[in-house]
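**Student:** give me coordinates for this.
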Amino acid sequence: MLTKQQLFSLMASAMLATAGSSAIASDTVAQKVTVSDWLAQSSASDWRELDSDNTLYMELPTGRVVIELASEFAPKHISNIKALVREGFYQNIPIVRVQDNYVVQWNEPDDATPKALKQARRSIAAEFSVKLPANFAITPLADRDGYAPQTGHVNGFAMAMDPGSNSGWLTHCYGAVGIGRDNDADSGSGASMYVVTGHAPRHLDRNITLVGTVRQGMSLLSTLPRGQGDMGFYTSANQYTVIKDISLAADLPPAQRAALQVLRTDTATFKGVVEAQRNRGGDWYQHPAGFIEVCNVRVPVRETPVN
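**Tutor:** Residues are numbered from 1 along each chain as shown. The predicted model follows:
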């Protein structure tokens, strides 16, 4: 029987050689290495701090939601969101829609006088997908996806890509943050935004600009009262949850920032975490799936350890 350290070494070597293959030795399957096992043996270098220049704090009456932005996928929208933040646009903006098993959305109510903008804009050209650089490094999933030729992760974000057109895009997984828009593809800006709170609506991929993902505080959004109007919109203003403000982490003193780390998705530890989720072990599972899709992969987040 292998020791746990020998087991990790064997699995890490196999995964690095196969770049995400689901095939592993039979004795490693028997030992049923779990996600917790992989995280327990992770090293400090397996983790990264949140990027303060691309981290938003949404302050709700019930607490803080931490959003990390993926600037390489939607740079124009993210630049505009930062402008909106610094102009105070999101102060007292309400959550107007909570649709069960779908999204939470915030923006100015339809009958409200639009806020005056300074540097920020009301519309930005759509960034549904981006051209990938020649040296783009994705940690791919070997499993087939029904919505894209290839899926995987980069820098902690779930994504899909089409190698044929050398294009990539973020995926509508639980916690994904997107830009609300009208029928015009270029009508979004960040003045209206949403978070996916239900089963991954992947049919929205490449139809809406996604800008990032929630790293902490999903429970504050997923437990909000459901709107009873069409598509989950609230029918009266007294049902709104009002956002106190949204700020950029880099604009706050370090003591006011969330001390969080994301597991790096370019590591053997992350590949082990994916494999453990693909072939869930333990005494409870009778029929491990032997399969995983990109939105079922949970990228671990933890509080930064205190030295």
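
**Student:** ranges for the helices of the stretch 51-200 of the chain?
**Tutor:** Taking DSSP state H, counting those that start in this stretch as the test, the helices found in the stretch 51-200 of the chain are 75-86.

**Student:** where does the chain have low pLDDT?
**Tutor:** Counting by pLDDT under 70, the chain contains low-confidence ranges at 1-31.

**Student:** again, only this time at 90
**Tutor:** In the predicted model of the chain, residues 1-33, 111, 134-135, 280-288, 306-307 satisfy pLDDT under 90.

**Student:** next, name the residue at the spatial heart of it.
**Tutor:** Geometric centre of the chain, nearest residue: T213, 2.9 Å, by CA atoms, centre = their mean.

**Student:** could you find the closest non-adjacent residue to it?
**Tutor:** Sequence neighbours aside, G175 is the residue nearest to T213 in space, at 4.9 Å (criterion: CB to CB, 6 or more residues apart in numbering). Glycine gets a C-beta too; all of them are placed from N, C-alpha and C.

**Student:** swap in I138?
**Tutor:** Per CB to CB, 6+ apart, closest to I138 is G152, 4.3 Å.

**Student:** and for that neighbour, the neighbour number?
**Tutor:** Residues lying near G152 (other CB atoms under 10 Å) number 25.

**Student:** same check, this time on the one 3 residues further on
**Tutor:** N155 is flanked by 20 other residues according to other CB under 10 Å.

**Student:** just give the number of residues close to the residue nearest to it when sequence neighbours are not counted.
**Tutor:** Leaving aside its chain neighbours, N155 sits nearest to T265 (6.7 Å; criterion: CB to CB, 6+ apart). Using other CB under 10 Å, T265 is surrounded by 25 other residues.

**Student:** equivalent analysis for P300, please.
**Tutor:** The burial count for P300: 19, using other CB under 10 Å.

**Student:** thought it was touching L260?
**Tutor:** No. Shown here, P300 and L260 do not form a contact pair, counting by CB atoms under 8 Å, at 10.8 Å.

**Student:** quick one: the strands in the stretch 101-250 of the chain?
**Tutor:** Counting by DSSP state E, counting those that start in this stretch, one finds strands in the stretch 101-250 of the chain at the ranges 103-106, 130-131, 139-140, 150-154, 157-162, 167-170, 176-179, 193-196, 210-216, 241-242, 245-248.

**Student:** other residues contacting the longest one?
**Tutor:** When contacts are taken as CB atoms under 8 Å, 6 or more residues apart in numbering, the neighbours of strand 210-216 outside the stretch itself are 50, 54-56, 64-70, 73-74, 77-78, 81, 156-158, 169-173, 175-179, 190, 193, 195, 221, 258, 260, 262, 301.

**Student:** partner strands of it, parallel or antiparallel?
**Tutor:** strand 63-69 (antiparallel), strand 176-179 (antiparallel) (DSSP bridges).

**Student:** the second one too?
**Tutor:** In the sheet containing strand 130-131, its partner strands are strand 167-170 (antiparallel), by DSSP bridges.

**Student:** same question for the strand it pairs with: list its buried residues.
**Tutor:** For strand 167-170, the neighbour count (16 or more other CB atoms under 10 Å) marks S167, G168, W169, L170 as buried.

**Student:** which of those sits closest to A44?
**Tutor:** L170 (27.5 Å; CB to CB).

**Student:** rewinding a little: Serialize the strands paired with strand 210-216 to CSV and add fields for mean neighbour count.
**Tutor:** Listed next are the strands paired with strand 210-216 as CSV, based on neighbours: other CB atoms under 10 Å:
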stretch, mean neighbour count
strand 63-69, 20
strand 176-179, 24
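
**Student:** among the ones you listed, which is nearest P94?
**Tutor:** Using CB to CB as the measure, strand 63-69 is the one of the strands paired with strand 210-216 that comes nearest P94, at 14.7 Å.
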